[in-house]
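Asks: Dropping a prediction and its sequence here:
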Amino acid sequence: MSFSDWAERPYSSLSGLKPFLPGLALTAAIAAVALAIRSATGWMALSPLILSIILGMLIRNTIALPQIVETGIQFSLKRILRAGIILLGLQVTIAQILSLGGSALIMVTLTLVTTFLAMRLAGRLMGVDRQLTDLIAAGTSVCGASAVIAANTVVRGRQEHVAYAVACVTLFGSISMIAYPLLAAPLGLDERAYGLWSGATIHEVAQVVAASFQAGDVAGQFGTISKLARVVLLAPLIMTLALAMRSDAGSDTGEGQRVSTPMPWFVLGFIAMMLVNSAVSIPVDMSRHIVMLTNFLLSMALAAMGLQANIGKLRAEGWRPLALGAFGWIFIATFGYAALKLFGF
C-alpha cells in the first residue's frame with residue numbers, strides 16, 4: 001500500500017459515514033430536546049425516553065420525512081440501541097444487588113417471572129398480538145421503556161407495537177407513582193417494605209425513585225436497589241426470549257432449516273459492564289456522565305422508533321392491549337404485595 005493510499009483511507013472511512021449522518025442528527029436532536037425538557041422542568045420522573053418517542057411520533061405523523069434520514073434512523077434503532085443497553089450495565093453493581101438480602105432477591109425475581117408469564121397467558125386469552133404481548137409484558141415486569149426496546153431486539157415487533165407498549169408502561173407506571181405513596185400506610189408497610197414493593201412492581205426506574213423517596217430515605221434506597229435488581233434480570237429474560245423464539249421458529253419451519261431469530265449477544269456486553277462496575281470504582285463525576293450518555297443513546301433509539309410509528313396503525317390495535325397493560329399493572333402490584341408478606345417484610 002502506497003503512502004497516498006494510506007493517507008486517503010481515513011477520508012474514505014469518513015465518507016462511508018455520510019449516509020448515516022442526517023438520520024443520526026435528527027434522532028440526536030430529538031433526544032437532546034427531550035433531555036432539555038426534563039432539565040428545564042426539573043421533574044426527574046419525566047423520562048427522556050418517553051419524551052423522545054412522543055416527539056418522534058409527532059414529527060413522523062405531521063411531516064413528510066425525506067428518504068435521506070432513513071439510514072441513520074435504522075442505525076439508531078439497531079447499533080445505538082445496543083450500545084445504550086450495554087452501558088446500562090455500568091449503573092449496577094453486584095454488591096448493590098446482594099445488599100438486598102436473599103429473601104428480597106427471591107421476592108423480586110418471583111414477582112418478575114410470574115408477572116411476565118401471567119401476562120403472556122392473559123395476552124393469548126385476550127387475543128392480543130403475540131409480539132405486542134411480549135413487549136407489554138417485558139415493560140411491565142422488568143423496567144419500563146428500556147425493557148420494551150431491549151425485548152424488541154428479539155421479538156421484532158412493528159414500531160407501532162413498541163409505541164403502544166411504551167404508552168402502556170408510561171400510563172400505568174405514572175398512576176403507580178402517584179398512588180403508591182398513598183397506599184403505604186393503609187397497607188401497613190414500613191419504609192423498607194414499601195421501598196421493596198415499589199422497586200419490585202413499579203414500571204420505570206424514574207417512577208420508582210419518585211414514588212419510593214416520598215416515604216423516606218430508607219424506602220428510597222431499597223426501592224432503587226430492588227429496581228436495579230430487576231434491571232439486571234433484563235439480561236436473562238432477553239436471552240430466554242430469544243431461545244424460546246428460536247425453538248418456536250424451528251418447530252414451525254421444520255428441522256434443518258435456518259432460523260432467523262437473532263441471539264442478543266449485546267446482553268453479554270451488559271453483563272460485562274456490570275462486572276466491570278463491580279470490580280472497579282468509577283469516579284462519581286464519570287459515573288454521572290455515563291448515566292447521561294446512556295440516557296441519551298436510549299433516547300435516540302426511542303426517537304427513531306417514534307419516527308417510524310404510524311398513529312393510525314397504533315389506533316388500529318384497539319383496546320385489548322391497553323386492557324392487557326391494566327391487567328399486568330394490577331397483577332404485579334397485587335402479587336408483589338402478597339410475595340412481600342409471604343417473605344415476612
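Replies: The structure has been received and is ready for your questions. Remember, predicted model here, so these are calculated numbers, not experimental data. Numbering: from 1, shown residues only.

Asks: got the buried residues for the helix or strand hosting residue 29?
Replies: Using DSSP states H and E, residue 29 sits within helix 21-41. Buried positions in helix 21-41, judged by neighbour count with 16 or more other CB atoms under 10 Å: 22-24, 26-28, 30-35, 38. (Glycine included, C-beta is placed from N, CA and C.)

Asks: Where does the prediction get shaky in the stretch 1-150 of the chain?
Replies: For the stretch 1-150 of the chain, the stretches flagged by pLDDT under 70 are 1-16, 44-45.

Asks: which residues in it form helices?
Replies: Here the stretch 1-150 of the chain has its helices, by DSSP state H, counting those that start in this stretch, at 3-17, 21-41, 48-60, 70-75, 81-88, 94-98, 102-126, 130-138, 145-155.

Asks: Those helices: which one's closest to residue 290?
Replies: Closest to residue 290 of the helices of the stretch 1-150 of the chain, according to CB to CB: helix 81-88, at 6.4 Å.

Asks: distance between that closest one and the chain's centre?
Replies: Centre-to-centre, helix 81-88 and its host chain are 10 Å apart (CA atoms, centre = their mean, to the nearest Å).

Asks: Just want the angle from that helix to helix 48-60.
Replies: Calculated by axes from the mean of the first three to the mean of the last three CA atoms, to 10 degrees, helix 81-88 forms an angle of 170 degrees with helix 48-60.

Asks: now the angle between helix 145-155 and helix 81-88, please.
Replies: Using the same axes, to 10 degrees: helix 81-88 against helix 145-155 is 130 degrees.

Asks: What is helix 81-88 packed up against?
Replies: helix 145-155, helix 266-279, helix 284-306 (3 or more CB pairs under 8 Å, 6 or more residues apart in numbering; DSSP states H and E).

Asks: rerun that using 6 Å as the cut-off
Replies: helix 266-279, helix 284-306 (3 or more CB pairs under 6 Å, 6 or more residues apart in numbering; DSSP states H and E).

Asks: Would you mind listing the buried residues in the first one?
Replies: This means helix 266-279. Quick answer for helix 266-279 (16+ other CB under 10 Å): 266, 267, 269, 270, 271, 273, 274, 277, 278.

Asks: And the last one, by the same measure?
Replies: Applying a neighbour-count criterion of 16+ other CB under 10 Å, the buried positions in helix 284-306 are 290, 294-306.

Asks: can you state the direction angle for that helix and helix 266-279?
Replies: With the same axes, to 10 degrees as the basis, helix 284-306 and helix 266-279 are set at 160 degrees to each other.

Asks: Show residues contacting helix 284-306.
Replies: 27-28, 30-31, 34, 48-49, 52-53, 56-57, 73, 76-77, 80-81, 83-84, 87-88, 90, 149, 159, 162 (CB atoms under 6 Å, 6 or more residues apart in numbering).
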